[in-house]
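Chemist: next one to model:
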Amino acid sequence: MDLGTFSISLTVKDLEASRAFYEALGFEVFAGSVEHRMLMMRNGTTVVGLFQGMFERNMLTFNPGWAADCSPLDRFTDVREIQRRLRERGIEPVAVVDESTTGPGSIVVVDPDGNPVLLDQHV
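Modeler: Next up is the predicted model:
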């Protein structure tokens with residue numbers, strides 16, 4: 001089961017301070033905006049998302065349908081299929097996608113230690 005491109009989504013208190021910190025580490029903004037309270041930053045193939053006031057906790061994020069450069073893929077495992085397979089394996093999402101829909105959608109599962117894992121499909 002291919003979960004898609006991986007990134008870490010960080011809950012930040014001050015978006016500009018976090019941006020400056022990650023820029024000092026060599027990251028560059030490639031998506032998002034201060035107005036939308038989120039910035040996506042990249043250093044090589046490593047992606048960090050900075051989110052102010054959008055999530056309660058940091059989380060692992062996977063994007064089905066996206067390549068590492070955030071371009072859409074022709075073939076990928078749809079988030080609805082991932083949800084179905086996870087349920088078959090005894091993992092019940094805490095946020096679900098309507099399986100009667102197509103296109104963008106997301107689910108959230110929580111690991112045994114309480115860490116949220118977001119599967120966020122944009123295509």
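Chemist: what bridges to the residue most central in space within the chain?
Modeler: With distances taken as CA atoms, centre = their mean, the residue of the chain nearest its centroid is Thr61 (3.2 Å). Going by DSSP bridges, Thr61 is paired in beta bridges with Ser7, Leu118.
Chemist: surely it touches Leu3?
Modeler: No. The criterion here is CB atoms under 8 Å, and Thr61 misses it with Leu3 at 9.7 Å. Heads up, the C-betas are built off the backbone N, CA and C, glycines and all.
Chemist: what residues are shared contacts of the two?
Modeler: Taking CB atoms under 8 Å, 6 or more residues apart in numbering as the contact rule, Thr61 and Leu3 both touch Leu119.
Chemist: tell me the pLDDT of the residue nearest to the centre of the chain.
Modeler: pLDDT recorded at Thr61 is 97.
Chemist: ok, now Ala67?
Modeler: If you check Ala67, the pLDDT there is 89.
Chemist: against Asp74, how distant is it?
Modeler: Going from Ala67 to Asp74 by CB to CB, to the nearest Å gives 10 Å.
Chemist: what of Asn115?
Modeler: Distance, Asn115 to Asp74, using CB to CB: 31 Å.
Chemist: for those two, work out which one has more neighbours and name it.
Modeler: Asn115 (12 against 6; other CB atoms under 10 Å).
Chemist: show the pLDDT at that one.
Modeler: Looking at Asn115, its pLDDT reads 96.
Chemist: list the contacts of it.
Modeler: By CB under 8 Å, 6+ apart, the contact set of Asn115 is Arg57, Met59, Leu60.
Chemist: do the same with Ser7
Modeler: Neighbour list for Ser7: Met40, Val47, Val48, Gly49, Thr61, Asn63 [criterion: CB under 8 Å, 6+ apart].
Chemist: which one of the contacts of Asn115 is nearest Val96?
Modeler: For those, the closest approach to Val96 (CB to CB) belongs to Met59, at 16.2 Å.
Chemist: next up, the contacts around the closest one.
Modeler: Contacts for Met59 (CB under 8 Å, 6+ apart) come out as Ile8, Ser9, Val108, Asn115, Pro116, Val117, Leu118.
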